[in-house]
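Asks: sharing a model that was predicted from the sequence below.
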Amino acid sequence: MLFMPYAIKKMNSNFKAEIAIIGGTGLYQLEGFKELERQKLMTRWGEPSSELILSRYKGKEVIFLTRHGTQHNIPPHKVNYRANLWALKECGVKEVIAVAAVGGITDMMSPETIVIPDQIIDYTSDRKHTYFDDELEHVTHIDFTEPYSNKLRKQLLVAAGNAVDRGTYAVMQGPRLESAAEIKKLKQDGADIVGMTGMPEASLAREIEIDYACCALSVNWAAGCAGTIKIEHKEMQKIVDKGMLQINSILKKAIDT
């Protein structure tokens, strides 16, 4: 198997959890969770985006990691996705809920909508996108027909109540936002939402046998949609602040399922 224990800094043996949350833009801490301990790890793939925070909610241990760093200073194309997922695996994580702020493309994905996507299209380039790279005994291909865990998706949908069930997430390279022509093409390709961090996070989780699902918040109409001429960052921030409080509540319900 590919994943052998390999933590450069020795972990506390009690620093373990089966569930992890990766926080995206706007989610930098978990409200209502009791923090137990923090660990800063270095993996064979480098350093994760942030310290790992072990917390407890209703008797269940949860590990939290911020994808863009605690100061939100790591752009999407520079995130060390391999280190992030590997560190979680080291801590015994079996399930990951990833939170993402996205732009809405199709009619049902208006701002403030919460979406639990079921498909993904990768438009990124030059990212370290696999663990199956060097020093292999044999070439390995993973099945990625259904990129998200159906079990975790159902938990999130039940917890959310009114989230949009299904949607295709188009993952762009970033860090710039897209042109109206690019969004038009994505819509023609069948994309419903657009963001910058869904890949290779989802496929790396699959490679190391971690169940993975995404809870996405639409924070704006993508470029050129719904008559939008310019994306206003102040308006986006208001939606992020409000929406992440709602997502925090969804995460608690999903974990308590």
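Replies: Thanks, I have the structure now.
Asks: quick one, strands of this structure?
Replies: Ranges of strands in the chain, per DSSP state E, are 19-23, 34-39, 52-57, 60-66, 95-104, 114-116, 119-122, 164-165, 168-171, 193-195, 211-221.
Asks: pLDDT weak spots in the protein?
Replies: 1-13, 228-230 (pLDDT under 70).
Asks: so where's the longest helix in it?
Replies: helix 233-255 (DSSP state H).
Asks: and the contacts of it?
Replies: The contact list for helix 233-255 (C-beta atoms under 8 Å, 6 or more residues apart in numbering) reads 19, 21, 25-27, 30-33, 57-58, 60, 62, 97, 99, 101, 111-112, 114, 152, 155-156, 158-160, 163, 215, 217, 219-220. No exception for glycine: its C-beta is placed from N, CA and C like everyone else's.
Asks: what are the C-alpha coordinates of that helix, in PDB please?
Replies: Listed next in PDB are the C-alpha coordinates belonging to helix 233-255 (Å, rounded to 0.1, in the frame of the first residue of the first chain):
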ATOM      1  CA  HIS A 233     -16.100  41.700  -2.900                       C
ATOM      2  CA  LYS A 234     -17.900  43.600  -0.100                       C
ATOM      3  CA  GLU A 235     -21.100  41.900  -1.000                       C
ATOM      4  CA  MET A 236     -19.400  38.500  -1.200                       C
ATOM      5  CA  GLN A 237     -17.900  39.000   2.300                       C
ATOM      6  CA  LYS A 238     -21.400  39.700   3.800                       C
ATOM      7  CA  ILE A 239     -22.600  36.400   2.300                       C
ATOM      8  CA  VAL A 240     -19.600  34.500   3.500                       C
ATOM      9  CA  ASP A 241     -19.900  35.800   7.100                       C
ATOM     10  CA  LYS A 242     -23.600  34.900   7.200                       C
ATOM     11  CA  GLY A 243     -23.300  31.600   5.300                       C
ATOM     12  CA  MET A 244     -20.400  30.200   7.200                       C
ATOM     13  CA  LEU A 245     -22.400  30.500  10.500                       C
ATOM     14  CA  GLN A 246     -25.100  28.400   8.800                       C
ATOM     15  CA  ILE A 247     -22.500  25.900   7.600                       C
ATOM     16  CA  ASN A 248     -21.000  25.600  11.100                       C
ATOM     17  CA  SER A 249     -24.500  24.600  12.300                       C
ATOM     18  CA  ILE A 250     -24.800  22.000   9.500                       C
ATOM     19  CA  LEU A 251     -21.400  20.500  10.400                       C
ATOM     20  CA  LYS A 252     -22.500  20.000  14.000                       C
ATOM     21  CA  LYS A 253     -25.700  18.300  12.900                       C
ATOM     22  CA  ALA A 254     -23.800  16.100  10.400                       C
ATOM     23  CA  ILE A 255     -21.300  15.000  13.000                       C
END
